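Engineer: need a 3D model of the sequence below.
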Amino acid sequence: MKTPRTPRLIPTTAVVLLLAGVLGTTVGAGAATTPARRGRTASQVVALALAGLRAAGSYTVTVASTVQNFSATSVTSSTLTSGIRHDVINGQHGERIFAQGVVYVRFTPVLEQLYFAKVIPGLANQWVAFRPGQRYFSVFAATMTGSTLAPLISPSGRLTMSAALTYDGQRVVAVTGTPPTTTGLLETLYVSDRAPYRPVAVRIDSRTATSTTLAETITFSHWGAHLRVSAPAHSVASSQFTLP
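Structural biologist: The predicted structure is shown next:
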């Protein structure tokens, strides 16, 4: 059987995958007033932040990327199992909805060209449904929910942890490592240094032998906000299209 060609994708956080590690420290009343870094390793601080994300239940994440010839921003309001996302990529607008295990996408022809390396007849500007197991589902579902975002904000490899510092007016501790599935990048997770311990921001930097260049920033807001996500009233199954 011929192996399917890997989809042509915009190089954002969707290339970074899978959560690992166990909290290993009880988060309770006794820990609520202590700094996140006190008595914990860097990997435990990462796990502490992810536990805070899950406990909040919902949040908004804003991503700004500048990679190669791409300039992109996205704003996603998510729960642990659903999400609504708005993208602006090189000036083109796209939307995604993740509801009841199905991801729905709506792209302009220009964005089709970016994702599929071609324009798909009849696909543009309508909601197209991708279900688990279908081609591109995992690509478009990435970062849409708390469970799919967590792996992307977890630095791996040899981790280092900073002393307390200030990031965007918040007291944080920074854990730096590498994205799990890429090379030549640095990933830094900023975690609130006091309870509630949650991710504050993530930086992904492109590193060369001579310089380090910011490639992407991820910031969090609207923790615990009420969010109700519904599937689009009308959509077309992705199986109706011939996708590369």
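Engineer: low-confidence stretches in this protein?
Structural biologist: By pLDDT under 70, the weakly predicted segments of the chain are 1-33, 67-68, 181-183, 207-212, 214.
Engineer: what segments of it are helices?
Structural biologist: Taking DSSP state H as the test, the helices found in the chain are 42-56, 109-116, 137-141, 146-149.
Engineer: any chance of those in TSV with mean neighbour count and distance to residue 124 as columns?
Structural biologist: Placement of C-beta: from N, CA and C, glycine included. Below are these laid out as TSV (neighbours: other CB atoms under 10 Å; distance: least, CB to CB, whole Å):
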stretch	mean neighbour count	distance to residue 124
helix 42-56	21	34
helix 109-116	18	5
helix 137-141	19	15
helix 146-149	21	25
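Engineer: looking at those helices, which is nearest to residue 72?
Structural biologist: Nearest to residue 72, of all the helices of the chain, is helix 109-116, at 9.6 Å by CB to CB.
Engineer: which other helices and strands contact the closest one?
Structural biologist: For helix 109-116, the packing partners by 3 or more CB pairs under 8 Å, 6 or more residues apart in numbering; DSSP states H and E come out as strand 83-89, strand 92-99.
Engineer: all strands for the chain, in order.
Structural biologist: Taking DSSP state E to define them, one finds strands in the chain at 58-67, 70-79, 83-89, 92-99, 102-106, 128-130, 156-161, 165-167, 170-178, 185-192, 199-207, 212-221, 236-237.
Engineer: want to throw those into CSV with mean neighbour count?
Structural biologist: Shown next, in CSV, are the strands of the chain (neighbours: other CB atoms under 10 Å):
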stretch, mean neighbour count
strand 58-67, 19
strand 70-79, 18
strand 83-89, 20
strand 92-99, 19
strand 102-106, 22
strand 128-130, 23
strand 156-161, 15
strand 165-167, 13
strand 170-178, 21
strand 185-192, 22
strand 199-207, 21
strand 212-221, 17
strand 236-237, 14
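Engineer: to residue 154, which of the helices and strands packed on helix 109-116 lies closest?
Structural biologist: Checking the helices and strands packed on helix 109-116 against residue 154 by CB to CB gives strand 83-89 as the closest, at 18.3 Å.
Engineer: for the closest one, which strands pair with it and how are they oriented?
Structural biologist: Taking DSSP bridges as the criterion, strand 83-89 forms sheet pairs with strand 70-79 (antiparallel), strand 92-99 (antiparallel).
Engineer: need those strands in JSON lines with distance to residue 116, can you?
Structural biologist: Formatted as JSON lines, the strands paired with strand 83-89 follow (distance: least, CB to CB, whole Å):
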{"stretch": "strand 70-79", "distance to residue 116": "15"}
{"stretch": "strand 92-99", "distance to residue 116": "13"}
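Engineer: re earlier: what's the closest of the strands of the chain to residue 243?
Structural biologist: For the strands of the chain, the distance to residue 243 is smallest for strand 128-130, at 9.6 Å, taking CB to CB.
Engineer: for beta bridges, what are the partners of residue 104?
Structural biologist: For residue 104, the beta-bridge partners are residue 97, residue 129 (DSSP bridges).
Engineer: that one is in contact with residue 97, isn't it?
Structural biologist: Yes. In terms of CB atoms under 8 Å, residue 104 counts as a neighbour of residue 97; the distance is 4.5 Å.
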